[in-house]
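> sequence first, then the predicted structure, then my questions.
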Amino acid sequence: MNTATLSVKGQIVIPKHMRETAQLSFGDELNISYVNGEIRLRPVIAKQHAALDQVAGCLARPKQSMLSDAAIKDAIKDEIEAQTRPMKALDTNVLVRLLLADDAAQLAQVKRLLSQTQQYTSPITVMQELVWGVGSARLQRGANSARHGSVAL
């Protein structure tokens with residue numbers, strides 16, 4: 001890591017190899033921000049103005065046929081339906097049963113549920129409970145195994 005010393009006027013010198021790598025030169029502007037205890041420098045990207053002739057046709061795809069208005073509307077409709085399709089929320093018990101596989105009947109139900117083509121979600125609190133539940137189960141298994149003279153992994 002490189003270090004720089006702050007001058008009396010609050011100035012620093014960016015090491016030459018860093019200036020060259022970032023392609024910085026005298027007079028270039030830098031954005032300065034303070035984020036999570038770090039001072040960050042980023043080059044200001046100059047806005048480039050282009051003449052109409054430079055951008056005209058830049059998105060053209062000569063070999064690709066144009067979509068009809070109906071096809072565009074259908075694609076938009078399909079995307080909106082996909083995004084607004086209801087999701088099922090998975091609770092802690094479902095995920096614990098899946099990960100521990102400690103109850104065959106419940107595991108079969110979970111597999112049947114999750115084999116459906118559907119989007120699922122789980123709130124962060126479910127994830128926290130899952131970590132706690134699986135950790136507790138592993139500790140319990142370890143305690144039972146220790147009583148019987150075996151080692152739990």
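Sure thing, it's come through.

> next, residue 32: secondary structure please.
State at residue 32, reduced to three classes by DSSP: H, G, I helix; E, B strand; the rest coil: strand.

> so it bridges to which residues?
residue 41 (DSSP bridges).

> contacts only, for it.
Contact analysis of residue 32 by Cβ atoms under 8 Å, 6 or more residues apart in numbering lists 39, 40, 41. Every residue, glycine included, has its C-beta placed from N, CA and C.

> which ones are touching the first one?
In other words, residue 39. With contacts defined as Cβ under 8 Å, 6+ apart, residue 39 is in contact with 32, 33.

> so it sits in a strand?
Yes. Counting by three-state DSSP, residue 39 is found in a strand.

> residue 92: how many residues sit nearby?
Other residues near residue 92 number 19, with proximity taken as other Cβ atoms under 10 Å.

> phi and psi next, for it.
With angles defined as degrees, to the nearest 10, residue 92 sits at phi -60, psi -40.

> ok, it touching residue 129?
Yes. With contact defined as Cβ atoms under 8 Å, residue 92 reaches residue 129; the gap is 4.2 Å.

> what is the least confident helix or strand in this protein?
Using mean pLDDT, DSSP states H and E, the weakest-scoring helix or strand in the chain turns out to be helix 124-147, at a mean of 74.

> I'd say residue 28 and residue 42 touch.
No. Here residue 28 lies out of contact with residue 42, judged by Cβ under 8 Å, at a distance of 11.0 Å.

> can I get the contacts of residue 32 in a markdown table with distance to residue 21?
Converted to a markdown table, those look like this (distance: Cβ to Cβ, whole Å):
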| residue | distance to residue 21 |
| --- | --- |
| 39 | 19 |
| 40 | 16 |
| 41 | 13 |
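
> ok, residue 19 touching residue 25?
Yes. Counting by Cβ under 8 Å, residue 19 does reach residue 25; the two are 7.4 Å apart.
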